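Undergrad: Structure, please.
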Amino acid sequence: MRALVTGGGGFLGKAIVTRLLARGDSVRSVARGSYPELASLGVSVVRGDIADPASLAEAAAGVDVVFHAAAKAGVWGDPAEYHRSNVAGTRNVLAACRERGVRRLVYTSSPSVVFDGRDQEGIDESAPYPERHLASYPATKAEAERLVLAADGPDLATVALRPHLIWGPGDNHLVPRIVARAREGRLLKLGGPPRKVDSTYIDNAADAHLLAADRLAPGAPPAGKAYFISNGEPLPVWDLVDRILGAAGLPPLTLSIPPAAAYAAGCVLELAYSVLRLPGEPRMTRFLASELSTAHWFDLTAARRDLGYEPKVSVEEGLRRLARSLRP
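TA: Below you'll find the predicted structure:
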């Protein structure tokens, strides 16, 4: 198989690339930065931006499947930048697929596209998009997911995967932020009843993408559908955080604040950052407070049935691997 991976230098993108190469597939990646490590693995690296239709059309020439993993993530930032990367970029990926005759597109979405601020316990893919999102990231990912699923047809089969909280060795987002804030004494947990959340070990997330690509074809069961992906082992969110901290050799969290106080702080900080145009991102936002104080775990029946997905690396084993990667 000849595959193009957008965002191949990112955490998930690189894991997908590695999996493809290991089974003998030919891999090309398009990214704005320089990734000599990818080139050393045998990846054909195209310098470009998904917001640039010309570079995408060049990268998509001659490929059988596109894995669209590139996105602007985070809980804060310029809405226009989120739209440029996540919506306009996805439109360009779809256009490149059509122009170059690519038959399959696997899109990396997020469970946050259906998050409405309330507990989501064992929900399946019938959960609707909310009328309003609390942040630009879920709003633009939802818009992009709609575009991808609507594009499914006889010439281009599409599928969207929604992996939740991807973590593991090599993580450049979730784990480093948790560990850094804990070491600085700036990480507090939210009080209240325990809320369970799903997470996804990186190898399982990458496996799901390859399974989706292999089973995807016009009219096939996955075509035009979205799927939740996780380890299928929901844990209380602060237990998961403490276990990640333990893997880094750090003690568990002891200080907490009420969820209502965290949400109020998010409102104030968002206003301050917007009015004063402060750099960086607030320590708390409304979206983050809502995410941390509600349950998020999902029914994987559809992914198991249509994709043959079964998480191979447990949370326990993943934590052992994470600990080995974080400690000297």
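Undergrad: list the contacts for the closest residue to Val179 other than its chain neighbours?
TA: Excluding the flanking residues, the one nearest Val179 by CB to CB, 6 or more residues apart in numbering is Ala248, at 4.7 Å. For the C-beta atoms, the positions are set from N, CA and C on the backbone; glycine is no exception. Residues in contact with Ala248 (CB atoms under 8 Å, 6 or more residues apart in numbering) are Val175, Val179, Ala182, Ala323, Leu326, Arg327.
Undergrad: Pull out the buried members of these.
TA: For these, a burial check counting by 16 or more other CB atoms under 10 Å picks out Val175, Val179, Ala182, Ala323, Leu326.
Undergrad: okay if I get the residues you listed as JSON lines plus pLDDT, distance to Gly13 and secondary structure?
TA: Formatted as JSON lines, the entries for the buried ones among the contacts of Ala248 read as follows, by pLDDT from 0 to 100; distance: CB to CB, whole Å; DSSP: H, G, I helix; E, B strand; the rest coil:
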{"residue": "Val175", "pLDDT": "93", "distance to Gly13": "17", "secondary structure": "helix"}
{"residue": "Val179", "pLDDT": "92", "distance to Gly13": "22", "secondary structure": "helix"}
{"residue": "Ala182", "pLDDT": "90", "distance to Gly13": "27", "secondary structure": "helix"}
{"residue": "Ala323", "pLDDT": "96", "distance to Gly13": "24", "secondary structure": "helix"}
{"residue": "Leu326", "pLDDT": "90", "distance to Gly13": "21", "secondary structure": "helix"}
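Undergrad: Between all of the residues you listed, which two are at the greatest distance?
TA: Within these, Ala182 and Ala323 form the most distant pair, 15.0 Å apart (CB to CB).
Undergrad: For the residue nearest to Val179, give me the pLDDT.
TA: Ala248 is assigned a pLDDT of 94 by the prediction.
Undergrad: Check Thr285 too.
TA: Per-residue pLDDT puts Thr285 at 82.
Undergrad: Isn't it up against Tyr137?
TA: No. Because the distance of 10.4 Å does not satisfy CB atoms under 8 Å, Thr285 is recorded as not touching Tyr137.
Undergrad: Tell me the residues that contact both of those two, please.
TA: Val75.
Undergrad: Endpoints of stretch 27-42, how far apart?
TA: With CA to CA, to the nearest Å as the measure, the first residue of stretch 27-42 is 8 Å from its last.
Undergrad: contacts for that stretch?
TA: Taking contacts as CB under 8 Å, 6+ apart, the residues outside stretch 27-42 that touch it are 2-9, 13-14, 17-18, 20-21, 43-50, 55-56, 59, 63, 70.
Undergrad: Out of these, which end up buried?
TA: Once neighbours are counted (16+ other CB under 10 Å), the buried part of the contacts of stretch 27-42 comes down to 3-9, 13-14, 17-18, 20-21, 43, 45-46, 48-50, 55-56, 59, 63, 70.
Undergrad: how about low-confidence regions in the stretch 51-200 of the chain?
TA: Along the stretch 51-200 of the chain, no part satisfies pLDDT under 70.
Undergrad: in it, which spans are strands?
TA: Assignment of strands within the stretch 51-200 of the chain using DSSP state E, counting those that start in this stretch yields the ranges 65-68, 104-108, 120-123, 157-163, 166-167, 189-190, 196-197, 200-201.
Undergrad: Does anything pack onto the fifth one? Which helices or strands?
TA: Pointing back at strand 166-167 there. Judged by 3 or more CB pairs under 8 Å, 6 or more residues apart in numbering; DSSP states H and E, strand 166-167 is in contact with helix 174-183, strand 200-201, helix 202-215.
Undergrad: What is the burial count for Ala206?
TA: 26 (other CB atoms under 10 Å).
Undergrad: where's it relative to Tyr35, distance?
TA: Counting by CB to CB, to the nearest Å, the gap between Ala206 and Tyr35 amounts to 17 Å.
Undergrad: Repeat that for Leu235.
TA: On the measure of CB to CB, Leu235 and Tyr35 end up 33 Å apart.
Undergrad: ditto for Ala59
TA: Ala59 sits 14 Å away from Tyr35 when distances are taken as CB to CB.
Undergrad: ditto for Gly42
TA: Relative to Tyr35, and taking CB to CB, Gly42 is found at 12 Å.
Undergrad: Of the two, which one has the most company?
TA: Between Gly42 and Tyr35, counting by other CB under 10 Å, Tyr35 is the more crowded of the two (20 against 10).
Undergrad: number of nearby residues for the residue lying closest to Ser110 once chain neighbours are set aside?
TA: Spatial nearest neighbour of Ser110, excluding adjacent residues (CB to CB, 6+ apart): Lys141 at 5.0 Å. Using other CB under 10 Å as the criterion, Lys141 is surrounded by 28 other residues.
Undergrad: Likewise for Glu270?
TA: Glu270 sits with 20 neighbouring residues when counted by other CB under 10 Å.
Undergrad: buried residues in the helix or strand it falls within?
TA: According to DSSP states H and E, Glu270 maps onto helix 259-276. For helix 259-276, a neighbour-count test (16+ other CB under 10 Å) marks Pro259, Ala262, Tyr263, Ala265, Gly266, Leu269, Glu270, Tyr273 as buried.
Undergrad: Understood, closing this out.
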